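Participant: Got a predicted structure here, sequence first:
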There are 2 protein chains.
Amino acid sequence: MSFIKFSGNNQIISFVRNHSDMFPEHSALEVEEISDGNLNYVYRVSDSSGKSLIVKQAPPYIRVIGDGWPLTQDRIRIEQQSLQFTALHCPKIVPEVYHYDSQHCVILMQDIGDHDNLRQLLIDRTELPQIAKQLGNYLAQMMFRSSSMGMESTAHKALVKQSQNPQLCKISEEVYFWDPFCDHERNDVNPLLKPEAEVIWSNQNLKREVAQLKRRFMSDTEALIHGDLHTGSVFATSESCKVIDPEFSFCGPIGFDTGVLFANLLLNYAGQQNLPGDSRERKAYQNWLLLTLGDIWQQFSAQFDSLMTTETLDPSLSDPGYQQWYLQQIWQDSLGYAGVEMTRRTIGIAHVADIMNIEDPELRADSERLSLQIATMLILQRNTLNTPKQLDDAINQLRT
Amino acid sequence: MSFIKFSGNNQIISFVRNHSDMFPEHSALEVEEISDGNLNYVYRVSDSSGKSLIVKQAPPYIRVIGDGWPLTQDRIRIEQQSLQFTALHCPKIVPEVYHYDSQHCVILMQDIGDHDNLRQLLIDRTELPQIAKQLGNYLAQMMFRSSSMGMESTAHKALVKQSQNPQLCKISEEVYFWDPFCDHERNDVNPLLKPEAEVIWSNQNLKREVAQLKRRFMSDTEALIHGDLHTGSVFATSESCKVIDPEFSFCGPIGFDTGVLFANLLLNYAGQQNLPGDSRERKAYQNWLLLTLGDIWQQFSAQFDSLMTTETLDPSLSDPGYQQWYLQQIWQDSLGYAGVEMTRRTIGIAHVADIMNIEDPELRADSERLSLQIATMLILQRNTLNTPKQLDDAINQLRT
């Protein structure tokens, strides 16, 4: 079966009517394109009564580039599978999938338009009292349930197989672990930051550590991770939190998800150093960010620990000493992957608004410098910064 | 297609004639069953001129138990695939595959009957001057070529997928990493060794370390390993060496293969403490075993290092500091997995002739005790015994 791209709003409406009974038969439907990420087409379909759903279609190429950069449509199957797995174990955190169509490469799903993007919320210095609990809980459930502690060994291997995502993993292998650590043509470096970038490109210790993290990313099938858990993939209200866009999902190291999430809090932290606004407010928000990072870890680790203690299927993985070591290893991995994400978001191809919104190039460079300092510290000292408290202290020392 | 088990020698001969042109049309063929391992049927088919080949057939159960213990026939596809991969990169070390038939679950392959089993050669205290070079070379080629350093990332993931071997892995997960470290009904413990076994079953540090090794075994897809590289899977003459029976093959930690091989040298070492024969000869042979273990590592690591330096496809894995760390990690893994293999071969379900040939139960217990001492040391001290020399010294201290 070959791919059928929607050629206009009528086709989208007709598809929606055929595969969802959300809308009354003769209601007038509106289609609005809200494609936001780089890869896919996303539409909101709504009627005048306020009902709506999302249509996400994956073309056989990268949307923002076009068919000059082909990309496997298997990513929509991967996304659908990841959403379904999450719905089983942490249903509130994902939009509900109404329908999946492999021929059209389409997912019909719940519209979460009443939620705001977490990256923007952080830029606006919004304190979200529930977010640490929600994300920590989500991470613990997903990671444990999809690991070989939460699944029978052969079932876990079947999950590894059906979650293989080699093309999208290869993109990550390059843009996280290669480009930012050498003078790559894809990099986008603030000219004022060139000296700091060059220090990174010639730091042999850093390259060795990054290669270790890359090796794990390429070969450790620990759990079904999101694979792209930056704050742009998270949406929130004061009560609710949704995680979307798991097309990079695969069975990989747990610390990659926690690390990318931590990194994006810390990128905002670095941005707050120079974003517009009252300096006391910005400092207070930086403290909230560190507190939230610690709370996410606390929530995640407490719940993961409890799941390990009570629900580990394999008795030989039930040893308390092992489980303690295991959590500590996830923490260390998280710091390492956080450092990699911060580096790539500062001098690699894809930057973040938390820092790019700083208009003055000198001030932006100051935040970028702080981001790189934190990043390098996380990668090199991940085995000695043993607790969120130690991490906070080390980061606060860099700020002052 | 359903499985067709050979129901007699005529069917075997007819199959061989249909799928091999080794034998002249009217030659009289003889069939001899030489099934040796536990899982499969193995026949030697020969004519009077001395030509011969091997027919290996995998029934849908464990041969020595019968259809009461079903076992996937996918293992013969796995074996064939592993033999072919090895033939590409280290052709002399495997018997040539003449034909593979998925319906009959049969491999026709080269008869290596002129080689002797390495376990027996070691029991007989045969010094094999080429074996370290041959096995070290084989391990380096296989491990590098099937890793994500030697293969392009997406090709490596395809190999991981097609090499998944969940049923046989599950057997290993249990008999290596669970049974021997608790009072499991499957264990077979020399009554004289019960106190030492109980010490192991209650050693929490050991259980934690074994769980760490098990985790890697279950989730790290580092390279295409043999999965059962004990000395019974190796055959040798003074010039040649063959590795057979890779039905446990899958993409797993490199150190598992090197470790199981080291373990079987050390099991023989422990056996030589009390096997019949001149004590000076036995001691000298123990020294040869340690020397050979070191030589295998030296050969493996030098060649693996050279392959990493000259043929790593991914530039971000080409950092010399990383590669040095990587080799050191394989060494440490090897010691850990060696300790696990020695433990399970001493108090688990499947023992080795190197020790079981000691008829006197007291003397056998003495060797078993030494084996467990070495095993525990390897597991607990794998991160501090940094070189073969340090390992030799530590083992020699236990002997005296």
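Facilitator: Structure received.

Participant: I'd say residue A:328 and residue A:387 touch.
Facilitator: No. If you go by Cβ atoms under 8 Å, residue A:328 and residue A:387 don't touch, sitting 9.8 Å apart. For the C-beta atoms, the positions are set from N, CA and C on the backbone; glycine is no exception.

Participant: Can you pull the residues of the stretch 1-150 of chain A lying near chain B?
Facilitator: residue A:148 (Cβ under 8 Å from any Cβ of the partner chain).

Participant: which stretches of the stretch 201-350 of chain A form helices?
Facilitator: Secondary structure of the stretch 201-350 of chain A (DSSP state H, counting those that start in this stretch): helices at A:204-219, A:254-272, A:279-311, A:320-347.

Participant: what does the stretch 51-200 of chain A give?
Facilitator: Counting by DSSP H, counting those that start in this stretch, the helices of the stretch 51-200 of chain A are A:74-89, A:118-123, A:131-145, A:153-162, A:166-177, A:194-201.

Participant: Quick check: which of these is buried the most?
Facilitator: Across the helices of the stretch 51-200 of chain A, the average number of neighbours (mean count of other Cβ atoms under 10 Å in any protein chain shown) peaks for helix A:131-145, which reaches a mean of 23.

Participant: residues making contact with it?
Facilitator: Residues outside helix A:131-145 that contact it (Cβ atoms under 8 Å, 6 or more residues apart in numbering or on different chains): A:85-86, A:88-90, A:92-93, A:118, A:150-151, A:222-226, A:234, A:236, A:240-241, A:243, A:254, A:257-258, A:261, A:292, A:295-304, A:307-308, A:311, A:330.

Participant: Pipe the helices of the stretch 201-350 of chain A into a markdown table and attach mean neighbour count per row.
Facilitator: Putting these into a markdown table (neighbours: other Cβ atoms under 10 Å in any protein chain shown) gives the following:
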| stretch | mean neighbour count |
| --- | --- |
| helix A:204-219 | 21 |
| helix A:254-272 | 28 |
| helix A:279-311 | 17 |
| helix A:320-347 | 23 |
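
Participant: Is it possible to get JSON lines of those that adds mean pLDDT and distance to residue B:194?
Facilitator: Output for the helices of the stretch 201-350 of chain A, formatted as JSON lines (pLDDT from 0 to 100; distance: least, Cβ to Cβ, whole Å):
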{"stretch": "helix A:204-219", "mean pLDDT": "97", "distance to residue B:194": "40"}
{"stretch": "helix A:254-272", "mean pLDDT": "98", "distance to residue B:194": "40"}
{"stretch": "helix A:279-311", "mean pLDDT": "97", "distance to residue B:194": "31"}
{"stretch": "helix A:320-347", "mean pLDDT": "97", "distance to residue B:194": "25"}
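
Participant: Show me which residues of the stretch 201-350 of chain A are close to chain B?
Facilitator: Applying Cβ under 8 Å from any Cβ, we find that the stretch 201-350 of chain A lies next to chain B at A:204-205, A:207-208, A:210-212, A:214-215, A:218-222, A:314-317, A:319, A:321-322, A:325-326.

Participant: Correct me if wrong: residue A:355 contacts residue A:364.
Facilitator: Yes. Between residue A:355 and residue A:364 there is a contact at 6.3 Å, judged by Cβ under 8 Å.

Participant: With neighbour numbers in mind, choose between these two.
Facilitator: Higher neighbour count among residue A:355 and residue A:364: residue A:355, with 27 against 21, using other Cβ atoms under 10 Å in any protein chain shown.

Participant: what sits against the residue lying closest to the more buried one once chain neighbours are set aside?
Facilitator: Nearest residue to residue A:355, sequence neighbours excluded (Cβ to Cβ, 6 or more residues apart in numbering or on different chains): residue A:271, at 4.6 Å. Contact analysis of residue A:271 by Cβ under 8 Å, 6+ apart lists A:123, A:352, A:354, A:355, A:357, A:358, A:367.

Participant: From the rest of the structure, what touches the host helix or strand of the third one?
Facilitator: Meaning residue A:354. Using DSSP states H and E, residue A:354 falls within helix A:353-356. Here helix A:353-356 makes contact (Cβ under 8 Å, 6+ apart) with A:119-120, A:122-123, A:231, A:264, A:267-268, A:270-272, A:275, A:345-346, A:364, A:367-368, A:371.
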